[in-house]
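Q: Predicted model and sequence follow; I will ask about them next.
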Amino acid sequence: MLTANENSREDTAALMAAIGRKAKAAARPLAVASAERKHAALVAMADAVIRNQDAILDANALDMRNGEESGLSSASMDRLNLTPARIRDMANGIRAIADLRDPVGEVIAEWDRPNGLRIERVRTPLGVIGVIYESRPNVTADAGALCLKAGNPVILRGGSDSINSSLAIHACLVEGLKAAKLPAEAIQLVPTTDRAAVGEMLKGLSGNLDVIVPRGGRSLVERVQNEARVPVFAHLEGLCHVYIDRSADLDMAVKVVVNAKMRRTGICGAAETLLIDRAVAGTHLVPILDALAKAGCEIRATDEVRSAFPTAKPAKEQDWATEYLDAIISVKLVDGIGEAIEHIETHSSHHTEAIIADDASAVERFFSEIDSAILLHNASTQFADGGEFGMGAEIGIATGRMHARGPVGVEQLTSFKYRVRGAGQVRP
C-alpha cells in the first residue's frame with residue numbers, strides 16, 4: 001500500500017501536468033458517451049466495490065493505524081473509518097447515481113421567436129473537474145460517480161490521511177470504466193500526498209482544469225478560494241443552527257435536536273448551535289439539554305442557560321462561530337424568532353439551519369429571512385445531504401451564490417449551451 005510519496009516539486013509538477021492532459025483528452029469521448037454506457041460503468045463500479053470489500057477494508061485499516069499514530073481527532077477518525085456497512089452504503093450510492101436521469105442533452109427550456117427561430121437551452125458537461133477533499137475516503141466514490149454521470153472527467157485529490165483507502169476505491173472505479181469501454185482517465189486519483197499537487201491544481205493544470213470543488217475545513221477552502229485561477233464551488237464549514245420556537249412540540253424538539261447533533265458529529269450537517277425561545281425555557285430547555293447530555297454531548301452555554309442547567313460549561317464568544325465536528329454544542333436563549341434570525345445571520349456559515357415550530361408564520365419568516373443554502377422545518381440538520389435529497393450523492397454543499405448552491409449533485413455539475421434552429425433567416 002502507498003504511504004506518503006516524497007516527490008520533488010519538479011516531479012509533482014510533471015505528474016500533475018500529465019494528469020491534466022489525460023483528463024482533457026477524456027473530456028470529449030465522455031461528453032458524447034451514451035446514457036446506457038455511463039449507467040453500465042456505474043453499475044460495474046458498484047459491483048467492484050462490493051467484490052473488493054476486503055481489499056478496501058485492509059487499506060482503510062492501514063490509514064486508521066496511521067491516523068492513530070499521527071493523533072487525528074476522534075471526529076477525523078470517524079470520517080476516515082470504513083466499515084462493511086459504510087462500504088455497502090458507498091456501493092448503493094453509486095447505484096443510486098446510476099439510476100438518476102442522465103442530465104446531458106436535457107432541454108432545460110425552449111421557445112420560438114417571431115422570426116421563426118427555435119431556441120433551446122440544453123445541458124452540457126462542465127468540463128474537467130478537480131475535487132480536493134480531506135479525510136473522507138467515500139468522497140472518492142461519490143465524486144467519481146457524480147462527475148461521470150454528468151459527463152465530466154474528474155481529478156481527485158484526497159487527503160493524505162485516507163490515501164490508501166482512496167486508492168483502493170479508485171481501483172474499483174477504473175474497473176467499472178474499463179468494463180463499459182470508457183476512458184480509464186475519466187476518473188483519476190492523484191497518487192501522491194505531496195502538497196505541491198494541490199498548488200498545481202489551483203493553477204489550472206495549464207488550462208486543462210475547468211472548475212475546482214474543495215471539500216474540507218476552513219483552511220483548505222480559504223486557500224482554494226484565495227489561490228485558485230479557475231472557478232470554485234465553495235463548500236464552507238457547516239456552522240449549523242437549530243432554533244426551538246415557542247410553538248415547538250417538546251417531544252419533537254428533543255428527538256430532532258439529539259439527532260441533529262449526535263447522529264454523526266463529524267459531518268458538515270451536524271448542528272453546532274442550539275437557540276431556544278426564552279418563552280419556553282421553563283418547559284423545553286432542561287429536557288432538551290438532559291437528552292443531549294445523556295447522549296454524551298458536552299454543552300457550552302450562556303450564564304442564563306447555566307443557571308437552569310448547572311453542568312453546562314460557560315460559552316465563550318468564539319463558540320458561536322465554531323464548527324466543533326464533535327460531541328459539543330453551544331446553547332443560548334433568545335427573545336423569539338427575530339433574535340434567533342439575527343444570531344444566525346451574524347454567525348452562520350450559510351450552510352444549513354433548522355426551525356422546530358408549529359406556527360406557520362414563524363416558519364415562513366425563518367425561511368424568507370435566513371440566507372442559508374438549506375433550511376429545514378421540523379427535521380434534523382443531518383438531512384443536509386445530496387443522497388437524502390434524492391440526488392444519489394453529492395460532491396459537497398455549496399455555500400456560495402453562483403451557479404450551484406446547496407447539495408452539488410449531477411445537475412449542478414452541468415452547464416448549458418443554446419441550440420438555435422432556423423430555416424434560412426438572416427438578420428436585417
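A: Everything's here; your move.
Q: any low-confidence regions in the stretch 251-400 of the chain?
A: 392 (pLDDT under 70).
Q: What are the boundaries of the strands in it?
A: Here the stretch 251-400 of the chain has its strands, by DSSP state E, counting those that start in this stretch, at 271-277, 298-301, 313-314, 328-334, 352-356, 374-377, 397-398.
Q: now the angle between strand 271-277 and the fourth one, please.
A: Orientation of strand 328-334 against strand 271-277 (axes from the mean of the first three to the mean of the last three C-alpha atoms, to 10 degrees) gives an angle of 20 degrees.
Q: other SSEs contacting the helix or strand harbouring residue 89?
A: Residue 89 is part of helix 84-98 when elements are defined by DSSP states H and E. On a contact count with 3 or more C-beta pairs under 8 Å, 6 or more residues apart in numbering; DSSP states H and E, helix 84-98 meets helix 35-51, helix 53-70, helix 138-149. (Glycine included, C-beta is placed from N, CA and C.)
Q: swap the cut-off to 10 Å and go again
A: Contacts defined by 3 or more C-beta pairs under 10 Å, 6 or more residues apart in numbering; DSSP states H and E place helix 84-98 against helix 35-51, helix 53-70, helix 138-149, helix 163-179.
Q: so the first one versus helix 163-179, what angle?
A: So that's helix 35-51. Going by the same axes, to 10 degrees, helix 35-51 makes 140 degrees with helix 163-179.
Q: Looking at the protein, which helix is longest?
A: Longest helix in the chain, counting residues (DSSP state H): helix 9-31.
Q: Only alpha carbons, please: show that helix as PDB.
A: Coordinates of the C-alpha atoms in helix 9-31 are reproduced here as PDB (Å, rounded to 0.1, in the frame of the first residue of the first chain):
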ATOM      1  CA  ARG A   9       8.500  19.700  -6.800                       C
ATOM      2  CA  GLU A  10       9.500  19.200 -10.400                       C
ATOM      3  CA  ASP A  11       8.300  15.600 -10.400                       C
ATOM      4  CA  THR A  12       5.000  16.600  -8.900                       C
ATOM      5  CA  ALA A  13       4.500  19.400 -11.500                       C
ATOM      6  CA  ALA A  14       5.200  16.900 -14.300                       C
ATOM      7  CA  LEU A  15       2.900  14.300 -12.800                       C
ATOM      8  CA  MET A  16       0.000  16.800 -12.400                       C
ATOM      9  CA  ALA A  17       0.600  18.200 -16.000                       C
ATOM     10  CA  ALA A  18       0.300  14.600 -17.400                       C
ATOM     11  CA  ILE A  19      -2.900  14.000 -15.300                       C
ATOM     12  CA  GLY A  20      -4.400  17.200 -16.600                       C
ATOM     13  CA  ARG A  21      -3.600  16.300 -20.300                       C
ATOM     14  CA  LYS A  22      -5.200  12.900 -19.900                       C
ATOM     15  CA  ALA A  23      -8.300  14.300 -18.300                       C
ATOM     16  CA  LYS A  24      -8.700  16.800 -21.100                       C
ATOM     17  CA  ALA A  25      -8.300  14.100 -23.700                       C
ATOM     18  CA  ALA A  26     -11.100  12.100 -22.000                       C
ATOM     19  CA  ALA A  27     -13.500  15.000 -22.000                       C
ATOM     20  CA  ARG A  28     -14.800  14.700 -25.500                       C
ATOM     21  CA  PRO A  29     -15.500  10.900 -25.600                       C
ATOM     22  CA  LEU A  30     -17.100  11.200 -22.100                       C
ATOM     23  CA  ALA A  31     -19.300  14.200 -23.100                       C
END
